[in-house]
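Engineer: Using only what follows, build the 3D model:
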Amino acid sequence: MDKTTKATFSALIGYSIFGFSFLFSKTALAFASPFFLLAARFLLAFIALNLVLLFGKTKISLKGKPLGSLLLLGFIQPVCYFIFETYGIDSTSAAFSGVMIGMVPVAGLVFGVLFLHEKCSFLQGFFTVFSVLGVYLTTSGGFGNISAKGFFLLLGAVVSAALFTILSRKTSEHFSAFERTYVMFLLGSAVFIPMAIFEHKSDLSLMLKPFSEPLFCVSVLYLAVVSSVCAFLLINFALNHIPAGRALIFSNFTTVISVLAGIFIMGDSFSKIQLLGILIITVSVFGVSFQKNK
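Structural biologist: Okay, the predicted model is just below:
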């Protein structure tokens with residue numbers, strides 16, 4: 001299996017892992033605030049990466065490299081993205097949030113052409129935009145109430161996710177996937193931990209209370225180790241070898257997985273329109289991949 005094929009499967013698996021993160025986040029948020037969950041998630045993920053450094057063969061070498069671009073990468077993702085996404089979802093309907101986040105591949109394709117000079121065929125552009133329709137149908141269509149605040153916050157999340165992909169691919173010239181992920185989680189911990197402390201007014205007993213709940217512990221471990229460490233390492237690896245636009249089209253599988261997880265695990269309802277949306281997303285992903293391979 002060549003590196004391009006490995007990178008394609010890495011992007012698919014990484015974004016599919018993100019699909020289950022909504023289920024675990026929803027469970028964890030029943031016991032903790034959003035900022036505390038983010039602080040716990042990225043602190044545990046950062047600890048996990050340090051354990052890999054301690055006991056594994058992976059090394060980090062940042063000396064003499066352009067650290068500015070790497071720090072910008074970590075600031076964009078996870079800091080900016082998760083702040084925009086968390087408050088954006090809170091300010092608008094779930095369906096509209098899903099469609100807005102589904103615009104990430106389109107933004108990534110445009111940014112890839114503008115900033116990385118990646119090539120884009122007509123069919124690749126068509127399938128990328130077509131996938132947004134699939135996201136719309138999968139999230140059941142109806143938008144409900146849409147506030148200007150929610151729209152611009154989610155737009156910030158879309159831009160942040162697209163910029164992360166561009167920056168990750170650009171910085172892959174100097175930094176390994178592990179180095180990029182390490183700095184991302186370092187900055188995530190450095191930002192979200194103080195926010196959580198401020199939110200809980202430095203009350204340590206109140207902050208540690210969620211860890212007394214087994215469901216919270218299981219959820220945060222999935223979010224930290226699987227959905228953060230594993231997924232971001234896979235995606236950063238994929239961006240070493242495939243264009244940003246092609247990698248980002250797989251992000252719409254996040255919607256597919258999250259809907260299926262809700263149906264089969266949480267017992268959510270399912271409609272023929274949602275099935276059509278899933279089929280459109282699947283066809284779009286294969287359409288983009290086929291065009292690039294061809």
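Engineer: counting contacts, what elements does the least confident helix or strand in the chain by mean pLDDT pack onto?
Structural biologist: Lowest on mean pLDDT, DSSP states H and E among the helices and strands of the chain sits helix 94-101, with a mean of 72. Under the contact criterion of 3 or more CB pairs under 8 Å, 6 or more residues apart in numbering; DSSP states H and E, helix 94-101 touches helix 81-90, helix 122-138, helix 148-171, helix 253-264. All C-beta spots, glycine's among them, are computed from the backbone N, C-alpha and C.
Engineer: Those: which one's closest to residue 238?
Structural biologist: The minimum distance between residue 238 and the helices and strands packed on helix 94-101 falls on helix 148-171, with 9.2 Å, by CB to CB.
Engineer: Which residues outside that closest one are in contact with it?
Structural biologist: Contact with helix 148-171 is made by 66, 69-70, 72-73, 76-77, 80-81, 84-85, 87-92, 96-97, 100-101, 103-104, 107-108, 110-112, 115-116, 180, 235-236, 239-240, 243-244, 247-248, 251, as judged by CB atoms under 8 Å, 6 or more residues apart in numbering.
Engineer: which of the residues you listed are buried?
Structural biologist: Buried residues within these, defined by neighbour count using 16 or more other CB atoms under 10 Å: 70, 72-73, 76-77, 80-81, 84-85, 87-89, 91-92, 96-97, 100-101, 103-104, 107-108, 110-112, 180, 235-236, 239-240, 243-244, 247-248, 251.
Engineer: Lowest mean pLDDT across the helices and strands packed on helix 94-101, which one is that?
Structural biologist: Least confidently modelled of these is helix 253-264, at a mean of 80 by mean pLDDT.
Engineer: Could you list the low-pLDDT ranges of the stretch 151-294 of the chain?
Structural biologist: 268, 289-294 (pLDDT under 70).
Engineer: Helix or strand for residue 35, just tell me which one.
Structural biologist: In the assignment (DSSP states H and E), residue 35 maps to helix 34-55.
Engineer: which residues sit against the helix or strand just after that helix?
Structural biologist: Next helix or strand after helix 34-55 toward the C-terminus (DSSP H and E): helix 67-74. When contacts are defined by CB under 8 Å, 6+ apart, helix 67-74 is touched by residues 62, 164, 167-168, 170-171, 174-175, 179-180, 183-184, 186-188.
Engineer: closest to residue 40 among the residues you listed?
Structural biologist: residue 188 (11.0 Å).
Engineer: Excluding residues flanking it in the chain, which one is nearest the closest one?
Structural biologist: Distances taken as CB to CB, 6 or more residues apart in numbering place residue 42 nearest to residue 188, at 3.6 Å, with adjacent residues excluded.
Engineer: Let me know whether the one you found touches residue 182 as I believe.
Structural biologist: No. Contact between residue 42 and residue 182 fails when scored by CB atoms under 8 Å: they sit 11.5 Å apart.
Engineer: So what's the residue count around residue 270?
Structural biologist: By the criterion of other CB atoms under 10 Å, residue 270 has 15 neighbours.
Engineer: hmm, back to that, next, the angle helix 81-90 makes with the least confident helix or strand of the chain.
Structural biologist: 150 degrees (axes from the mean of the first three to the mean of the last three CA atoms, to 10 degrees).
Engineer: how far off helix 148-171 does helix 94-101 point, in degrees?
Structural biologist: Counting by the same axes, to 10 degrees, helix 94-101 lies at 30 degrees to helix 148-171.
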